[in-house]
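Visitor: attaching a predicted model along with its sequence, questions to come.
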Amino acid sequence: MKNSVDLVNISTCHANEARSSLISFTDEIISLLNNMEQISSSMQEQSDAAQHLSGSVSCLSISADDNQIATKDSETELTDLNNRTSNLHDIVGQFRL
């Protein structure tokens, strides 16, 4: 009988150790899940920031294209104005005494 009691006590001790290990595993798993959630949240923030940057770069590109077109238009207008100025000087020169 004493032998059986000793075996039960040993089994109980092993069961308590296993329980402690399982609690420790559970705590580690919960910590790991929390870390994974934080990583996922950070990745979403980075994705949102990348999309925002992409939109800003796209707007900047459109503005640069608009500026390039406006610059070409200005060059054309300046060339035309220069020609008109030259023609106006010629016409005014005809009226000098």
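Guide: Right, received. Where do you want to start?
Visitor: how far away is C13 from V5?
Guide: 13 Å (C-beta to C-beta, to the nearest Å). All C-beta spots, glycine's among them, are computed from the backbone N, C-alpha and C.
Visitor: try I29
Guide: 36 Å.
Visitor: next: S41.
Guide: 54 Å.
Visitor: ok, which stretches of the protein are helices?
Guide: Using DSSP state H, the helices of the chain run over 2-94.
Visitor: middle-most residue in it, spatially?
Guide: Residue closest to the mean C-alpha point of the chain, counted by C-alpha atoms, centre = their mean, is A50 at 2.1 Å.
Visitor: how much space between that one and Q44?
Guide: Counting by C-beta to C-beta, the gap from A50 to Q44 is 11 Å.
Visitor: cool, S58 as well?
Guide: Taking C-beta to C-beta, one finds S58 at 21 Å from Q44.
Visitor: low-confidence ranges in this protein?
Guide: 96-97 (pLDDT under 70).
Visitor: mind checking how far C59 is from S47?
Guide: In terms of C-beta to C-beta, C59 sits 19 Å off from S47.
Visitor: can you check D66 too?
Guide: 29 Å.
Visitor: same question for L60.
Guide: 20 Å.
Visitor: what do you get for S40?
Guide: S40 is 10 Å from S47, by C-beta to C-beta.
Visitor: same thing with S63?
Guide: 25 Å.
Visitor: same question, I39
Guide: 12 Å.
Visitor: and E77, by the same measure?
Guide: 45 Å.
Visitor: can you check Q94 too?
Guide: Remark: distance between Q94 and S47 (C-beta to C-beta) = 71 Å.
Visitor: quick one: which of those two has more around it?
Guide: S47 (10 against 6; other C-beta atoms under 10 Å).
Visitor: stretch 40-53: how far from the chain's middle?
Guide: 4 Å (C-alpha atoms, centre = their mean, to the nearest Å).
Visitor: that concludes my questions; thank you for your assistance.
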